[in-house]
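Participant: Here is a sequence with its predicted model. Questions after.
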Amino acid sequence: MISQFCDWLAATRVSQIFQELSWFVPLIQSVHILSIAVVMTAAGALDCKLLGIAGRAWSLDALVSHYMPWIWSALLILLVTGTLLTITEPSRELTNVAFRAKMIMVIAVASILWIVQQCVRRDPLYWTQSPQRRKTARALGGASLLLAVAIVVAGRWIAYL
């Protein structure tokens, strides 16, 4: 069923136009990669703060307030550019196990960041109020950081699987 959808999508006029434009994929991939850099840098800073290994000069509340708008904006750009790339080469993406794994991990990281952000919005000191919350913050930061690295690896593997 996925293969049939990919065949249909690749045959659409929009996909054909994107495939014919020699500059389209490199431009969209460049924007996609720059957006990945924004998300990874900002999320990495937050993760390191949650892990307690960096960012001692800034409160978590300040980092969340500063970085989360960048993260959400870059994730929106990633959604748009990723969709455009998928329309251009649907079989390369949609039938690829690395692509599917990457999408699941992106959802997981976004969920972790959303949870952290919502807790900080309700109470700026939420993640520091008890040993259990500090432990949970470290676990979330570690999981998010590992997932971020795995997302980059899965993204690279898409080309090889």
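Facilitator: Looks like it arrived, so ask away. Here the structure is a predicted model, which means the values were calculated and not measured. Numbering: from 1, shown residues only.

Participant: hang on, residue 51 packs against residue 143?
Facilitator: No - taking contacts as CB atoms under 8 Å, residue 51 lies outside contact range of residue 143: 10.3 Å. C-beta here means a position set from N, CA and C on the backbone, and glycine is covered the same way.

Participant: Which neighbouring elements make contact with the helix or strand hosting residue 65?
Facilitator: Counting by DSSP states H and E, the element that carries residue 65 is helix 60-88. For helix 60-88, the packing partners by 3 or more CB pairs under 8 Å, 6 or more residues apart in numbering; DSSP states H and E come out as helix 13-20, helix 24-51, helix 90-94, helix 97-122.

Participant: would you turn those into JSON lines with mean pLDDT and mean neighbour count?
Facilitator: Shown next, in JSON lines, are the helices and strands packed on helix 60-88 (pLDDT from 0 to 100; neighbours: other CB atoms under 10 Å):
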{"stretch": "helix 13-20", "mean pLDDT": "97", "mean neighbour count": "13"}
{"stretch": "helix 24-51", "mean pLDDT": "97", "mean neighbour count": "18"}
{"stretch": "helix 90-94", "mean pLDDT": "94", "mean neighbour count": "18"}
{"stretch": "helix 97-122", "mean pLDDT": "97", "mean neighbour count": "17"}
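
Participant: Looking at the ones you listed, spot the one closest to residue 132.
Facilitator: With distances scored as CB to CB, the stretch of those nearest to residue 132 is helix 97-122 (13.1 Å).

Participant: for the helix or strand following that closest one, the distance to its chain's centre please.
Facilitator: Of the helices and strands lying after helix 97-122 in sequence (DSSP H and E), the nearest is helix 131-157. Once both centres are worked out by CA atoms, centre = their mean, to the nearest Å, helix 131-157 turns out to sit 12 Å from its chain's centre.

Participant: Just the buried positions in the helix holding residue 65, please.
Facilitator: Going by neighbour count (16 or more other CB atoms under 10 Å), the buried part of helix 60-88 is 60-61, 63-64, 67-68, 71-72, 74-75, 77-78, 81-82, 84-88.
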